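[1] Dropping a prediction and its sequence here:
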Amino acid sequence: MQKNILSRLQRWILILSATFFLLMAVARIFTFTLFNTGAFTWKSFGEVMWMGFRFDARDVGIMAILMLILGAIKPLHPFQKKLGKSVADTLWFIAIVLFTLFYAFDFGHFAYLDVRLNAQTLDFLHNTRISLGMMWETYHVIWILVGMIICIWLSFFWVKYTQRMIARSADRQEPYRKRRGLFSIIYFLLFGFGIFGKFDQFPLRWSDAFSLNSDFNAQAALNPFQSFFSTLAFRQSTYNEEKTREYYPLIAQYLGIEHPDSGQLNYNRHVVPDTSLPATTHPNIILVISESFSAYKSSLFGNPLNSTPFIDQMAVKSIFFDHMYTPGFGTARGVWTTITGLTDVEQNKTASRNPQIVDQQTIINSFKNYGHYYFIGGSTSWANVKGLLENNIDSLHIYEEKDYSVPRLDVWGISDHNLFTEANKVLAKQNRPFFAVIQTADNHRPYSIAAEDLKIFKKVTVPNDTLLKYGFTSNDELNAFRYFDYNVQHFIETIQKEPYFNNTIIAFIGDHGLVGNAEALFCKAYTAEGLTKNHVPFIIYAPQLVKPAKHTMLASQVDVLPVLAGIANIPYTNTGMGRDLLHVKDTTQNMAFIFEGEQQQLGLLKHHYFVTQLIGKPGKMKIFSLENNAPIPKNALTDSIQNDMQIWMQAFYETTRYITHHNKKNGNN
């Protein structure tokens, strides 16, 4: 009797897993070699195949674990019970049919559109007759169907053949029973890891494919299952071109488009340096995206709890925008908006999670011959931000928790104090200009403070009623906000000692604010309508390069990069919705667009008013004063103001949706 350490089920899973890995690899090789328009390199081929193998491991791992679970349920064991054999056959047949369908449609989809199969293809079902007619007239449908049937038959034949072959072998060796139990655990862990995809805080996601620094390589590394199900939640992520054209003249004028083209819907602005200013010294840029930097919680805006004493002093020596608003709430939305200059108008999830719009232009690339850096204490895999960054910022160097030699503080990675220190170590070594983004996290639950910093940083305790009156929910939150100020002071004092400091522009922008009680400092609309989660400071500190100034004009997070590019006085191309507010002739007409995806609500600030409206429900519009708590009178003047703001609000919304889907970094709008 033949002795097999592995059980029949384990051997069957191993054989079929290897078979499907091989088939997926062959499909990827065909995709890479047939559709690659660039130069073939073995390095790229190897990277694509390795990344693809990890994505394929997810699909194979799901089926393998399902078989292991069946084997653990005695009545459903594929080799011991007739019912189990029938269930296994059914599952494998369904898997083979899905595998064949997905890969067949994916191959045609990729050949036609250069992207993997995605959920948008379901839209063809709305016009089934037309779609089927197009397929019939375009492709050899009969031969394709014959090929698919043969593929399904051969694959299922192989499943049944291996099943019969293994069933004939012995499987009742008592000495090996414990080992087989151990191997079942090993199998489960191995395939479970295949589903997770990597040793990291976050599982393997589609955005990891874009670390290959090529759109084609990223698409080739993905597989149709990954691509389809990643985009399923974004089926309604679209735009209305007719409405976009309707609002184009308004937006073109607002953005200052010199050569408007309503036919092509051109939004590109090519900005040249101001020759009246001294020749640019190619200043370094450090942009700090500051976690939960709420305006009303900061003493910059009169909060008596003195939460940001150092930042207060720094702002006096800086360009300070005190009416800056983020269009959305949440760090992923804030990072997206800052980098792209476009409001995140995804309703279900964040734009960074949508593979269909990962390709976006950014003004950061206009900083030519600059080193590009992104520092975060944790991981950029969170919310798929990695795909947004690596796919769109040229030659980007990302530094994450795994790249630092300091200990982790909490779930968000290393402390901001260490993050600033580590960032400076890298930047101080650069011998050419750089554009660096530093994303902080400590001003966020669980409000951790590094033990070594508590030797210098002293916590405070404030009575609960005082905390609540001035916008804080706990002493932990207040101390976390103060800790952010402490870390900013540490960072500025550290880099002041570096040679690069005198030629560096350091900007601080909140990723978003926080909902809370701001009635002691602002009118009731901020608290009642949630503007506290949008109102953030924007500070540009460069004592050797800019003159201090406080600006009360309305500003939006989409304006951050145009303003920085304007101060740097570089030529740049702007394809987003932001403007260089320091060079806009009439800032009295400034507006700030607000989008609340979770509440399905739009908002707009203009002059001293704030309007809101549920998406698709124009009759549900409300208007509020930002000057005082007096109710808005109902008269012809306010009706006119409300109607005007409603038009602008819809114009921003429809235009942003359109540009988001037409803003590829290597193309035109």
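    Sure, I can see it.

[2] tell me which element Met324 is part of?
    Taking DSSP states H and E as the definition, one finds Met324 inside strand 319-325.

[3] right, and the helix or strand after that strand?
    Assigned by DSSP H and E, the successor of strand 319-325 is helix 331-340.

[4] could you say what helices and strands the helix or strand that that following helix is followed by packs with?
    Sequence-wise, the next helix or strand downstream of helix 331-340 (DSSP H and E) is strand 371-376. Packing partners of strand 371-376 (3 or more CB pairs under 8 Å, 6 or more residues apart in numbering; DSSP states H and E): strand 396-399, helix 416-427, strand 434-439. All C-beta spots, glycine's among them, are computed from the backbone N, C-alpha and C.

[5] Can you tell me what sits against the last one?
    To tie it back to what came earlier, the one meant is strand 434-439. If you take CB atoms under 8 Å, 6 or more residues apart in numbering as the criterion, strand 434-439 is touched by 284-289, 291, 331, 335, 364, 367, 370-377, 419-420, 423, 427, 511.

[6] what does the longest one give?
    Under the contact criterion CB under 8 Å, 6+ apart, helix 416-427 has outside partners 284, 286, 373, 375-377, 397, 399, 404, 406, 409, 413-414, 434, 436, 438, 440-443, 450, 453, 483-484, 486-488, 490-491, 494-495, 498, 500.

[7] Buried ones only from these, please, as a ChimeraX command.
    In ChimeraX, this line selects whichever of the contacts of helix 416-427 come out buried by 16 or more other CB atoms under 10 Å:
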select :284,286,373,375,376,377,399,404,406,409,413,414,434,436,438,440,441,442,443,450,453,483,484,486,487,488,490,491,494,495,500
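
[8] What is the neighbour count of Ala111?
    12 (other CB atoms under 10 Å).

[9] The residue nearest to it when sequence neighbours are not counted: what's it in contact with?
    Using CB to CB, 6 or more residues apart in numbering and skipping the chain neighbours, the partner closest in space to Ala111 is Phe35 (6.6 Å). Remark: with contacts taken as CB under 8 Å, 6+ apart, Phe35 is in contact with 110-111, 114, 216, 220.

[10] Need phi/psi at Phe35.
    Taking degrees, to the nearest 10, you get phi -110, psi 0 for the backbone angles of Phe35.

[11] Equivalent analysis for Lys429, please.
    Main-chain torsions, Lys429, degrees, to the nearest 10: phi -90, psi -10.

[12] which stretches of the stretch 1-150 of the chain form strands?
    Taking DSSP state E, counting those that start in this stretch as the criterion, the stretch 1-150 of the chain contains no strands.

[13] follow-up on the earlier one: just the buried members of the contacts of strand 434-439?
    Among these, those classed as buried by 16+ other CB under 10 Å are 284-289, 291, 331, 335, 364, 367, 370-377, 419-420, 423, 427, 511.

[14] Determine the number of other residues adjacent to Gln600.
    By the measure other CB under 10 Å, the count of residues near Gln600 is 12.

[15] got a list of what it touches?
    Gln600 sits next to 347, 614-615 when contact means CB under 8 Å, 6+ apart.

[16] what do you get for Phe225?
    If a contact means CB under 8 Å, 6+ apart, then Phe225 has 58-59, 102 as its contacts.

[17] again, only using 7 Å
    59, 102 (CB atoms under 7 Å, 6 or more residues apart in numbering).

[18] Any idea how far the lowest-mean-pLDDT helix or strand in the chain is from the middle of the chain?
    The weakest-scoring helix or strand in the chain, judged by mean pLDDT, DSSP states H and E, is helix 128-138 (a mean of 73). Put simply, helix 128-138 sits 36 Å off its chain's centre (CA atoms, centre = their mean, to the nearest Å).

[19] Ok, stretch 73-83 next?
    Computed by CA atoms, centre = their mean, the chain-centroid distance of stretch 73-83 equals 45 Å.

[20] Same question for that stretch: list its buried residues.
    Of the residues in stretch 73-83, those with enough neighbours to count as buried (16+ other CB under 10 Å) are 76-81.

[21] Now that we have these, can you turn them into a markdown table and tack on distance to Ile393 and pLDDT?
    Shown next, in a markdown table, are the buried residues of stretch 73-83 (distance: CB to CB, whole Å; pLDDT from 0 to 100):
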| residue | distance to Ile393 | pLDDT |
| --- | --- | --- |
| Leu76 | 50 | 90 |
| His77 | 52 | 88 |
| Pro78 | 50 | 89 |
| Phe79 | 53 | 88 |
| Gln80 | 56 | 86 |
| Lys81 | 56 | 89 |
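
[22] mean confidence for the host helix or strand of Ser230?
    If you go by DSSP H and E, Ser230 is part of helix 224-231. For helix 224-231, mean pLDDT rounds to 85.

[23] Could you look up the next helix or strand downstream of that helix?
    Next along from helix 224-231, by DSSP H and E: helix 241-255.

[24] Not counting that following helix itself, show me its contacts.
    Against helix 241-255 from outside (CB under 7 Å, 6+ apart): 260, 262, 265, 267, 269, 579, 650-651, 654-655, 658.

[25] From those residues, list just the buried residues.
    Buried residues within these, counting neighbours by 16+ other CB under 10 Å: 260, 265, 267, 269, 579, 650-651, 654-655, 658.

[26] ok, how many other residues are close to the residue nearest to Gln544 when sequence neighbours are not counted?
    Once flanking residues are discounted, Gln544 sits nearest to Asn502: 4.5 Å by CB to CB, 6+ apart. If you count neighbours by other CB under 10 Å, Asn502 ends up with 14.

[27] Check whether Val477 really touches Tyr447, as I assumed.
    I think there's a mix-up here, since residue 477 is Glu and not Val. Yes - between Glu477 and Tyr447 there is a contact under CB atoms under 7 Å: 6.0 Å.
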